[in-house]
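In: what's the 3D shape of this:
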Amino acid sequence: HLNSIYEVAKFFKVIKTRDTSRIFIEKGLKIDSTNINFLQLKANDQYFGKEFEEAIITLRKLEELNFKSINTYEMYGMSYFNLEQIDSAEVYFKKALRLDRQNPKILYRLGTIEYQKENFKLAELYTLQAIMYSKPDLDKEYMLLGIMAKDELDFKKAVKFFDEAVKNNRNNVDALFQLAFASDYYYEDKKIALKHYEKFIERFESKSPNLTKYASERIKHIR
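Out: Now for the predicted structure:
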């Protein structure tokens, strides 16, 4: 019942019943101490509870499991930043930046650190890049257009809109999956859909078990 425990832990987190959520997180980790989903939940809970030293310990476990994501590296960096260990914070913000070199939030964090270290030219560079790569959040609008096109079985248009949604917000889980799904229907060359499905698994495997299962089955079939 590990998946059920995970869903219950997430549910209590959503309704902000933190103590109950933590009980189920710990139950899950007692069953499987290296479960990435539960470790992410725990790190997130500790970070937003301002338990920064404890969050770093949990994030270190994720790092030892070779789990890499922008969100975890940002939490790592901000935990160190809040503990006034800015050199360590910088290390993890740079790791996050390697995963997404145009992430305005991470660029701003690095700009702030370089300003504190009095590296003013580098601080200016990071901050200007943060401004340059910032853009309005339009992925939800493109998602709606894509879904309407898909409902009308216009997969050519659906692919176009889902692609725009992904470009607008690379962290939109549903947008990347829908792009893969629409490409699967529209293109005769299944290598295009395969590329999107593989990217979805690489980036969001732990985010949605149901979508991951479908994507994995399609990857096997296409191959």
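
In: low-confidence stretches in the protein?
Out: Under the criterion pLDDT under 70, no range of the chain is flagged.

In: report the contact partners of residue 202.
Out: Taking Cβ atoms under 8 Å, 6 or more residues apart in numbering as the definition of contact, residue 202 has no neighbours. Using the backbone N, CA and C atoms, a C-beta is placed for each residue, glycine as well.

In: please, which helix or strand holds it?
Out: Assigned by DSSP states H and E, residue 202 belongs to helix 190-204.

In: gap between the closest residue in space to residue 69 that isn't next to it in sequence and residue 175?
Out: Nearest residue to residue 69, sequence neighbours excluded (Cβ to Cβ, 6 or more residues apart in numbering): residue 99, at 7.3 Å. For residue 99, the distance to residue 175 equals 18 Å [Cβ to Cβ, to the nearest Å].

In: out of the two, which sits in the busier spot?
Out: The residue with more neighbours, out of residue 99 and residue 175, is residue 175; 25 against 15, by other Cβ atoms under 10 Å.

In: correct me, but residue 147 touches residue 179?
Out: No: with contact defined as Cβ atoms under 8 Å, residue 147 does not reach residue 179; the gap is 11.9 Å.

In: for these two, indicate the residue with more neighbours.
Out: When residue 147 and residue 179 are compared for neighbours, residue 179 comes out ahead with 28 against 17, by other Cβ under 10 Å.

In: contacts only, for that one.
Out: 159, 162, 163, 165, 166, 196.

In: same deal with residue 143?
Out: For residue 143, the contacting residues are 161, 162, 165, 172, 174, 175, 178, by Cβ under 8 Å, 6+ apart.

In: what about 7 Å?
Out: Applying Cβ atoms under 7 Å, 6 or more residues apart in numbering to residue 143 gives the contacts 165, 174, 175.

In: check the secondary structure at the residue with the largest distance to the centre of the chain for me.
Out: In terms of distance from the mean C-alpha position of the chain, residue 118 ranks first, at 31.1 Å (Cα atoms, centre = their mean). Three-state call for residue 118 (DSSP: H, G, I helix; E, B strand; the rest coil): coil.

In: coming back round to it: please look at the residue nearest to residue 69 and residue 72 and confirm they touch.
Out: No: using Cβ atoms under 7 Å, residue 99 makes no contact with residue 72, being 10.1 Å away.

In: quick revisit: so which of the contacts of residue 143 comes closest to residue 2?
Out: Distance to residue 2 across the contacts of residue 143 (Cβ to Cβ) is lowest for residue 174, with 24.2 Å.

In: in helices only, show me the contacts of residue 179.
Out: Within these, membership in helices is found for 159, 162, 163, 165, 166, 196, as judged by DSSP state H.

In: for those, work out which two are farthest apart.
Out: Greatest spatial distance among the ones in helices among the contacts of residue 179 (Cβ to Cβ): 165 and 196, at 12.4 Å.
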